[in-house]
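> let me see the structure of the following:
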Amino acid sequence: MQYHPGWNFQNSYVNLPPIFYTMQEPKPVASPKLILFNESLAEELNLDCGALQTEEGIATFAGNYIPKGAEPIAQAYAGHQFGYFTMLGDGRAILLGEHVTANHQRVDIQLKGAGRTPYSRGGDGRAALGPMLREYIISEAMHHLGIPTTRSLAVVTTGETVIREQYLPGAILTRVASSHIRVGTFEFARKFGSIEDLKALCDYTIQRHDPHLLQEEYPYLAFLKAVINRQAATIAKWQLVGFVHGVMNTDNMAISGETIDYGPCAFMDIYHPETVFSSIDTYGRYAYGNQPKIGGWNLARFAESLIPLLDADKNKAEL
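Below is the predicted model of the structure:
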């Protein structure tokens with residue numbers, strides 16, 4: 001029996017200047033085992049649920065098998081973490097490529113916990129089972145609550161352990177997103193790239209997420225407004241259901257408007273605006289009640305990144 005899961009990979013992101021990514025294959029794992037599989041999402045993506053649960057399918061989710069057409073990369077980005085700017089990037093995630101469905105929907109297929117990359121910053125590039133299960137469960141809850149979010153296609157255990165404060169079972173999550181382009185991706189372009197690099201990223205992102213804006217007289221300004229509107233709508237929905245993201249760094253804000261990077265997140269049991277869910281958020285920067293304000297702060301950093309494209313006269317652009 002031949003393995004035909006239905007993947008239709010394209011790789012438009014690698015057409016960007018090489019500053020934005022590094023070609024990087026996942027590191028194979030010892031003994032992958034499927035723990036959770038999202039059949040409804042697989043069907044939405046026109047994938048064969050049976051094939052994806054075979055040995056070959058599980059090997060794909062583990063990074064042990066690269067599907068035809070995939071060109072794995074790790075993406076570079078930067079960001080403000082708790083208000084301080086730093087160089088970042090996909091330290092433990094590998095983007096297999098972009099799967100295009102029968103109705104021309106383009107989604108990223110990313111393996112989270114797939115091994116070290118040039119952006120790992122000393123980390124092991126792996127993930128523990130608990131956090132991957134949490135992301136699967138909460139991202140699916142958010143989706144069914146009608147809140148824009150990345151989604152989870154599968155979780156596999158690796159047959160290996162990871163060392164955190166204790167030995168934990170290793171796991172890899174397959175994340176599906178409209179894209180993994182972040183506010184921090186634009187900060188990276190502005191800080192470390194040329195104006196041409198920034199323009200290439202912006203043109204690509206508009207083409208991918210807002211192609212209708214290419215007809216606008218000022219497409220970059222229209223794009224900025226579109227991103228602001230998407231994020232405002234998403235954060236408003238967070239507030240309505242008592243969702244606390246936990247770590248609203250600029251690298252955790254997706255240009256698509258999808259909720260991304262489920263770390264120390266939770267839903268409040270009892271309403272209190274000072275509720276936090278990150279053990280290192282000592283001063284409550286990312287508390288529930290601060291989320292709209294932080295969203296605005298992050299979007300101001302995004303606007304700053306776009307200044308060279310908004311007008312040749314910096315003073316006019318800032319107005």
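
> how many neighbouring residues does P18 have?
P18 is flanked by 10 other residues according to other C-beta atoms under 10 Å. Every C-beta, even on glycine, is put in place using the N, C-alpha and C of the backbone.

> distance of it relative to P118?
Separation of P18 from P118 (C-beta to C-beta, to the nearest Å): 12 Å.

> equivalent analysis for I163, please.
On the measure of C-beta to C-beta, I163 and P118 end up 22 Å apart.

> before we move on, what about H143?
In terms of C-beta to C-beta, H143 sits 32 Å off from P118.

> and for H245?
27 Å.

> the two: which is more packed in?
Between H245 and P118, counting by other C-beta under 10 Å, H245 is the more crowded of the two (25 against 13).

> measure that one to T22 for me?
Per C-beta to C-beta, H245 is found 28 Å from T22.

> then G69?
19 Å.

> shouldn't G97 be in contact with T60?
No: taking contacts as C-beta atoms under 8 Å, G97 lies outside contact range of T60: 11.6 Å.

> comparing those two, which residue is more hemmed in?
Counted by other C-beta under 10 Å, G97 and T60 do not tie: T60 has more neighbours, with 26 against 23.

> mind checking the SS state of that one?
Here T60 is recorded as helix under DSSP: H, G, I helix; E, B strand; the rest coil.

> list the residues that contact it.
By C-beta atoms under 8 Å, 6 or more residues apart in numbering, the residues touching T60 are 5, 52, 66-67.

> which of the residues you listed tops the neighbour count?
Going by other C-beta under 10 Å, L52 tops the contacts of T60 with 25 neighbours.

> helix or strand: which one has the nearest residue to it once chain neighbours are set aside?
With sequence-adjacent residues excluded and distances taken as C-beta to C-beta, 6 or more residues apart in numbering, L52 is closest to P5, at 5.1 Å. Per DSSP states H and E: P5 is located in neither a helix nor a strand.

> poorly predicted segments of the stretch 101-250 of the chain, please.
Within the stretch 101-250 of the chain, not a single segment meets pLDDT under 70.

> tell me where it has helices.
129-144, 183-192, 195-209, 219-241 (DSSP state H, counting those that start in this stretch).

> what's around Q291, how many residues?
Using other C-beta under 10 Å, Q291 has 20 neighbouring residues.

> surely it is in contact with H245?
Yes: counting by C-beta under 8 Å, Q291 does reach H245; the two are 6.7 Å apart.

> shared neighbours of the two, anything?
In contact with both Q291 and H245: W238, using C-beta under 8 Å, 6+ apart.

> what sits against the residue nearest to the spatial centre of the chain?
Centrality entry for the chain: nearest residue to the mean C-alpha point is H180, 4.0 Å, by C-alpha atoms, centre = their mean. Each residue near H180 by C-beta under 8 Å, 6+ apart is listed here: 75, 90, 93, 95, 108, 110, 254, 260.

> gap between it and F20?
H180 is 11 Å from F20, by C-beta to C-beta.

> now do the shared contacts for those two.
Contact criterion C-beta under 8 Å, 6+ apart; residues shared by H180 and F20: Q75.
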